[in-house]
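Asker: Any chance you can model this:
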Amino acid sequence: MRAPQGYAVWAGDRVTECDTFTCGHCQRVVFVPPKADPADLGGLCKQCMSLTCPRCTAAMRCVPFELALERAEASDRLRRSVL
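Answerer: Next up is the predicted model:
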């Protein structure tokens, strides 16, 4: 990956290291193995210009994580104002 967003190191039977990126839609951390085909890792959302995991790429709709949070907060504010 040319410009990874993160780097993961974990120890089990042996130390494993790889690059990572976070999906802009669901906040899932995607591990990028060395020499991986970019098409297998997910995609780039052309609406919000963020990297996405394979599951969000397959959904083919743009709902960035922050927009989903804003909608949930607005709905909660409405619910509290009615009570």
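
Asker: Just give me the neighbour total for residue 71.
Answerer: Neighbours of residue 71 under the rule other CB atoms under 10 Å: 11. Where you see a C-beta, it was placed from the backbone N, CA and C, and this is true even at glycine.

Asker: How about residue 24?
Answerer: By other CB under 10 Å, 22 other residues sit near residue 24.

Asker: Over to the one 3 residues further on?
Answerer: In terms of burial, residue 27 registers 11 neighbours under the definition other CB under 10 Å.

Asker: next one: phi and psi at residue 9?
Answerer: Backbone geometry at residue 9, expressed as degrees, to the nearest 10, gives phi -130, psi 130.

Asker: How about the contacts made by it?
Answerer: 15-17 (CB atoms under 8 Å, 6 or more residues apart in numbering).

Asker: Mind listing what's buried along the helix or strand residue 77 falls within?
Answerer: Residue 77 belongs to helix 65-82 when assigned by DSSP states H and E. For helix 65-82, burial by neighbour count (16 or more other CB atoms under 10 Å) applies to residue 65.
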